[in-house]
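Chemist: give me a model of this one.
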Amino acid sequence: MRLSTNATAPIGMSSTPRTAKRASEARSPLAAPPRMSDVAALAGVSKMTVSRVLAGRGVAAATRERVQRAIDQLGYVADAAAGALSSGRSAFAAVLVPSLASSNFSDTVRGLTAALEPHGLQLLIGDTDYDLEREERLVRSMLRHQPRCIALTGAQHTSATRELLVRAGVPVVEMWDLPALPIDAAVGFSNAKAAREMVRYLAGRGYRRIGFIGGASELDRRGLERLKGYRQEVKAQGMSERVVRLGDSPITMRHGAPALDALLQRWPDTDAVMCVSDMSAFGAIMQCRRRGLSVPADIAVAGFGNFEVAECCTPTITTISVDAYGIGTRTGETLLAALRENDGANGMPRRAMSTRTPARNSVKIDYTVIARESA
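Modeler: Residues are numbered from 1 along each chain as shown. Predicted structure coming up:
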């Protein structure tokens, strides 16, 4: 079915019934989607003028309005891939996280979206599954889409990944950790220091036989940093360490029960346990109930992350609170600032932020111990 004569009435004085007819034919349900040439014909301008309007370049206001009316009338959608090839830029921000199943990382993605989407940047998201080789493959794949900026999780990467990111020439932010020498910029906190803070809290509550349960995988670098902090602080407090590492990343509720059993089998007099996450802490508390142990009277249990389950559990879980959403928004703000710096560089290559002092490269996110019923 063809559009009515009214629907294809000329938009500007330079349009003719013939060009309107061609535009109408282009909108036939059996025809291909409208093309830039159809917009140009209906608006009575060249394809170059349409391209300039789409790119936001200087075009007379009346011409811009005429072209926009043609775009709206035809339902034309610009080819973003072609635009990226011609301009060398896309509307994508590449984001890599270890697991979208984690509410912390999904909150970070939400924060990034809130910061970047109002500025026309859409997220291209990759799930690394805590695997550095997979991260490298995803970085290679995402760079083919010419993202305007990149955010990835952690400070540990393969040498090839680091080289790819350095050579990409776009802003890069490493999230959730604070590397001494970031690739470009970093937004995060010290997991080791946060873990030490939790051990100090437990020691201040009078607990002296404090255990730690975490994953057995070497892939969860943040979990390893928390274990490192635990070990540093129990040593500083004059205590002996009690560590059980069980299960692959990501650690879930199911890991808590067998890990607690292993801990108490080896050290039955343990009076408190720090868990690598709230998920494993929940599993440990449920296992305490099965064993007839009262939390915290018989054994205190602490988590990490301030997940929703920490507030819903009975008893509620003492934990380390980190602003995961804030990590996303601050990362987005850091990327936008770098992009504005690029746009003001008159086409000159961006000076890598890694050439500046680490203090200017890093944004520290606050963490705190949330004291609840379990410890």
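Chemist: residue 299 contacts residue 274, correct?
Modeler: No: between residue 299 and residue 274 there is no contact under Cβ atoms under 8 Å: 11.6 Å. C-beta: built from backbone N, CA, C; applies to glycine.
Chemist: those two: which is more packed in?
Modeler: residue 274 (32 against 25; other Cβ atoms under 10 Å).
Chemist: return the residues in contact with the more buried one.
Modeler: For residue 274, the contact set (Cβ atoms under 8 Å, 6 or more residues apart in numbering) comprises 195, 198, 199, 202, 210, 211, 212, 213, 230, 302, 304.
Chemist: kindly report the same for residue 119.
Modeler: Residue 119 neighbours (Cβ under 8 Å, 6+ apart): residue 336.
Chemist: ramachandran coordinates for it?
Modeler: Torsion angles at residue 119 (phi, psi; degrees, to the nearest 10) stand at phi -100, psi 20.
Chemist: quick one: it from residue 328, how far?
Modeler: To residue 328, residue 119 is 14 Å away according to Cβ to Cβ, to the nearest Å.
Chemist: chain center to the helix or strand residue 212 falls within: distance?
Modeler: Assigned by DSSP states H and E, residue 212 belongs to strand 210-214. Distance of strand 210-214 from its chain centroid, counting by Cα atoms, centre = their mean, to the nearest Å, is 28 Å.
Chemist: and the pLDDT at the nearest residue to residue 319 once chain neighbours are set aside?
Modeler: Sequence neighbours aside, residue 303 is the residue nearest to residue 319 in space, at 4.2 Å (criterion: Cβ to Cβ, 6 or more residues apart in numbering). You'll see residue 303 listed with a pLDDT of 98.
Chemist: residue 303: neighbour count?
Modeler: So residue 303, with other Cβ under 10 Å, has 31 neighbours.
Chemist: so it is in contact with residue 318, correct?
Modeler: Yes: in terms of Cβ under 8 Å, residue 303 counts as a neighbour of residue 318; the distance is 7.2 Å.
Chemist: what residues are shared contacts of these two?
Modeler: The contact lists of residue 303 and residue 318 share residue 374, where a contact means Cβ under 8 Å, 6+ apart.
Chemist: residue 53: neighbour count?
Modeler: Counted with other Cβ under 10 Å, residue 53 comes out at 23.
Chemist: typo on my end, residue 330
Modeler: 22.
Chemist: which residue packs closest to it, ignoring adjacent ones?
Modeler: residue 187 (4.9 Å).
Chemist: relative to residue 123, how far out is that neighbour?
Modeler: 16 Å.
Chemist: okay, the two: which has more neighbours?
Modeler: residue 187 (28 against 17).
Chemist: show me what the more buried one is bridged to.
Modeler: Judged by DSSP bridges, the bridge partners of residue 187 are residue 175, residue 363.
Chemist: residues contacting it?
Modeler: 173, 174, 175, 176, 327, 330, 331, 334, 362, 363, 365.
Chemist: quick one: it from residue 252, how far?
Modeler: 26 Å.
Chemist: which stretches of the protein form strands?
Modeler: Assigned by DSSP state E, the chain shows strands spanning 92-97, 122-127, 149-153, 172-176, 185-188, 210-214, 243-245, 272-275, 300-302, 319-322, 362-364, 367-370.
Chemist: nearest to residue 294, of these?
Modeler: strand 300-302 (10.3 Å; Cβ to Cβ).
Chemist: helices or strands next to that closest one in the packing?
Modeler: Applying 3 or more Cβ pairs under 8 Å, 6 or more residues apart in numbering; DSSP states H and E, we find strand 300-302 packed against helix 191-204, strand 272-275, helix 278-290.
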